[in-house]
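Trainee: Sharing a model that was predicted from the sequence below.
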Amino acid sequence: MSALHLLDDPMFTRGRRLLGLLVLLLLAPVALAHKPSDSYLTLQTTAGEIRGQWDIALRDIDHAIGLDDNQDGAITWGELRAHHDDIAAYTLARLELSADGQLCPTRAVQHLVDEHTDGGYAVLRFAATCPDIAGAIHTLSVNYRLFFDLDPQHRGLLKIEYAGETRSVILSAGAPLQRIELSAPSALRQFVDYAAHGVWHIGIGIDHLLFLISLLLPAVLLRVDRAWTGAEHFRDALWEVFKVVTAFTVAHSITLSLAALEVVQLPSRWVESAIAASVILAALNNLLVIAGPSRWLFAFAFGLIHGFGFASVLADLGLPRDSLLLALVAFNVGVELGQMAVVAVFLPLAWSMRRQWIYRRGVLAGGSWLVIAIASVWLVERIFEMKLLA
């Protein structure tokens with residue numbers, strides 16, 4: 001076949017699309033070696049007043065307004081204290097609170113510092129007075145604009161405490177304004193909220209996705225005489241995908257639950273390092289065929305580690321103790337929905353290209369080497385708590 005005819009071949013076109021999709025997925029993580037940019041906003045409402053606490057990563061504030069005055073790579077308490085007024089002015093100008101349609105001006109009350117799973121955070125405590133409201137607040141509106149001009153992927157994780165109930169809401173560049181009815185939320189509403197957290201996390205949890213996809217890449221192939229060839233029957237590929245995804249799901253559900261219930265706790269640094277190592281091994285398996293047909297056991301073993309990674313997200317969200325089981329189940333459902341969406345896109349494309357050289361050489365082999373390179377950067381950064389790439 002001539003080069004011109006090859007370019008017009010529909011199978012080749014699909015192969016280029018699949019390869020392009022994989023490259024986009026692989027290149028995106030270079031900027032996401034660490035936990036994505038999140039802030040944690042907690043609001044408590046009383047008669048005519050809103051009390052708030054806002055935990056914001058020091059690295060994000062430093063990027064926005066500059067905190068490291070001597071440029072030594074470390075932000076001291078003295079440097080942070082010198083910028084308290086700057087922090088309050090910058091952040092509160094990007095948060096607007098309204099109660100029952102009335103604007104409630106905010107003012108800083110106290111500055112603290114805290115450690116989260118991914119490093120140091122500035123803690124801003126503030127109050128918002130609603131002068132025209134004397135009784136209980138019924139509807140709260142939050143207009144959140146922090147860092148969206150610098151990082152469109154930034155999120156505000158909002159927790160509202162009212163009359164003994166806890167609500168969780170995600171504030172993003174696509175949905176910066178949220179209007180919350182403060183009546184007790186239904187179990188269905190809480191379930192949907194935490195499921196949305198799960199879907200969002202698997203979407204931005206590139207290391208989890210690369211681990212899973214690395215294990216799925218050979219699912220449409222067979223190993224014959226030490227070489228890969230296309231599988232004969234779709235049901236065989238589907239069964240292989242089912243085993244891998246199910247094993248991964250069961251494993252991370254176990255450790256997610258144990259960690260969220262505080263039965264087992266592991267240092268975040270070592271969990272994130274182990275996740276990076278698991279991505280390397282999953283991709284290396286496609287080149288050396290270590291696990292072979294037992295990839296589902298591989299998925300289960302390392303899925304236990306990934307579960308602790310998922311748990312760190314829920315820990316930072318602050319699970320309500322009275323609805324812990326509901327939140328756990330909903331978050332897991334959201335993660336599985338996210339995984340199923342990835343599989344639904346990946347599997348048909350991979351199946352259509354399984355007999356083409358571009359899949360075996362470009363996607364499976366080339367993609368696996370690229371995954372190894374990216375995850376190796378993550379591993380070094382996470383073990384030594386350093387940043388190799390800007």
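Mentor: Now that the structure is in, tell me what you want to look at. Numbers count the residues shown, from 1 in each chain.
Trainee: mind listing what residue 376 touches?
Mentor: 276, 280 (C-beta atoms under 8 Å, 6 or more residues apart in numbering). In this view, the C-beta of every residue, glycine as well, is placed from N, C-alpha and C.
Trainee: Which helix or which strand is home to it?
Mentor: helix 367-384 (DSSP states H and E).
Trainee: mind listing what's buried in that helix?
Mentor: By 16 or more other C-beta atoms under 10 Å, the buried positions in helix 367-384 come out as 367-368, 370-372, 374-375, 377-379, 381-382.
Trainee: can you map out the strands along the stretch 201-350 of the chain?
Mentor: 221-224, 227-230 (DSSP state E, counting those that start in this stretch).
Trainee: Just tell me which of the ones you listed ends up closest to residue 244.
Mentor: strand 221-224 (13.4 Å; C-beta to C-beta).
Trainee: Check which strands are paired with that closest one and give the direction for each one.
Mentor: Here strand 221-224 is paired, per DSSP bridges, with strand 227-230 (antiparallel).
Trainee: got the CA positions of the partner strand in PDB?
Mentor: This file holds the C-alpha atoms of strand 227-230, laid out as PDB (Å, rounded to 0.1, in the frame of the first residue of the first chain):
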ATOM      1  CA  ALA A 227       4.900 -11.200  20.400                       C
ATOM      2  CA  TRP A 228       1.600  -9.300  20.600                       C
ATOM      3  CA  THR A 229      -1.200 -10.000  18.100                       C
ATOM      4  CA  GLY A 230      -4.800  -8.900  17.900                       C
END
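Trainee: What average pLDDT does it get?
Mentor: Mean pLDDT, computed over strand 227-230, is 91.
Trainee: Stretch 277-294 too?
Mentor: Averaging pLDDT along stretch 277-294 gives 88.
Trainee: try stretch 131-144
Mentor: On average, stretch 131-144 scores 86.
Trainee: now stretch 237-252
Mentor: 95.
Trainee: Which one, of the strands of the stretch 201-350 of the chain, ends up nearest to residue 152?
Mentor: Nearest of the strands of the stretch 201-350 of the chain (C-beta to C-beta): strand 221-224, 37.1 Å.
Trainee: Name the residues that touch that closest one?
Mentor: So strand 221-224 is contacted by 228-232, 289, 292, 354, 360, 364 (C-beta under 8 Å, 6+ apart).
Trainee: What subset of those residues is buried?
Mentor: 228, 231, 354, 360, 364.
Trainee: Pairing partners for the nearest residue to residue 77 once chain neighbours are set aside in the sheet, please.
Mentor: Nearest non-adjacent residue to residue 77, counting by C-beta to C-beta, 6 or more residues apart in numbering: residue 113, 6.7 Å away. With DSSP bridges applied, the residues forming beta bridges to residue 113 are residue 122.
Trainee: same check, this time on residue 229
Mentor: residue 222.
Trainee: Show me what the host helix or strand of residue 107 is packed against.
Mentor: Assigned by DSSP H and E, residue 107 falls within strand 106-116. In terms of contacts (3 or more C-beta pairs under 8 Å, 6 or more residues apart in numbering; DSSP states H and E), strand 106-116 is packed against strand 49-57, helix 77-82, helix 84-92, strand 119-129.
Trainee: Give me the domain ranges for this protein.
Mentor: 3-34+205-384, 38-186 (automatic domain parsing).
Trainee: Pull out the buried positions in the strand or helix carrying residue 59.
Mentor: For residue 59, the host element (DSSP H and E) is helix 58-65. The neighbour-count check on helix 58-65 (16+ other C-beta under 10 Å) flags 58-62, 64 as buried.
Trainee: related to what we said a few turns ago, can you give me the neighbour number for the residue nearest to residue 77?
Mentor: 14 (other C-beta atoms under 10 Å).
Trainee: Now do the same for it: its pLDDT.
Mentor: 95.
Trainee: One more: the one 3 residues further on?
Mentor: Residue 116 carries a pLDDT value of 82.
Trainee: now do the one 10 residues further on
Mentor: As summarised for this prediction, residue 126 has a pLDDT of 98.
Trainee: Pick the most buried one from the domains of the chain.
Mentor: Burial of the domains of the chain is given as mean neighbour count (mean count of other C-beta atoms under 10 Å); domain 3-34+205-384 ranks first at a mean of 18.
Trainee: Which residues does stretch 245-256 contact?
Mentor: With C-beta under 8 Å, 6+ apart, stretch 245-256 has contacts from 211-212, 215-216, 264, 296-297, 299-308, 310-311, 314, 328, 331-332, 335-336, 339-340, 343.
Trainee: any chance of the buried residues of helix 58-65 in TSV, plus pLDDT and distance to residue 95?
Mentor: Below are the buried residues of helix 58-65 laid out as TSV (pLDDT from 0 to 100; distance: C-beta to C-beta, whole Å):
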residue	pLDDT	distance to residue 95
58	95	18
59	91	20
60	94	15
61	96	14
62	94	19
64	95	14
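Trainee: now, which of the residues you listed sits nearest residue 158?
Mentor: Among these, and counting by C-beta to C-beta, the member closest to residue 158 is residue 60, at 16.5 Å.
Trainee: Now do the contacts for the closest one.
Mentor: 37, 39, 147, 151, 154.
Trainee: Also residue 240?
Mentor: Per C-beta under 8 Å, 6+ apart, neighbours of residue 240: 219, 295-296.
Trainee: just these now: which is nearest residue 182?
Mentor: The closest of the contacts of residue 240, once distances to residue 182 are taken by C-beta to C-beta, is residue 296, at 46.0 Å.
Trainee: So, low pLDDT: which residues of the chain?
Mentor: Confidence mapping of the chain against pLDDT under 70 gives the ranges 1-36, 117, 134, 184-185, 292, 316-322, 389-390.
Trainee: repeat that with 50
Mentor: Confidence mapping of the chain against pLDDT under 50 gives the ranges 1-8, 12, 24, 27-34.
Trainee: Output the helix or strand hosting residue 178 as CSV, restricted to C-alpha atoms.
Mentor: Per DSSP H and E, residue 178 falls inside strand 177-181. What follows is the C-alpha trace of strand 177-181 in CSV, where atoms were taken according to Å, rounded to 0.1, in the frame of the first residue of the first chain:
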residue,chain,number,x,y,z
LEU,A,177,-21.6,30.7,41.7
GLN,A,178,-23.5,28.4,43.9
ARG,A,179,-26.9,29.0,45.6
ILE,A,180,-27.5,26.7,48.6
GLU,A,181,-30.8,26.2,50.4
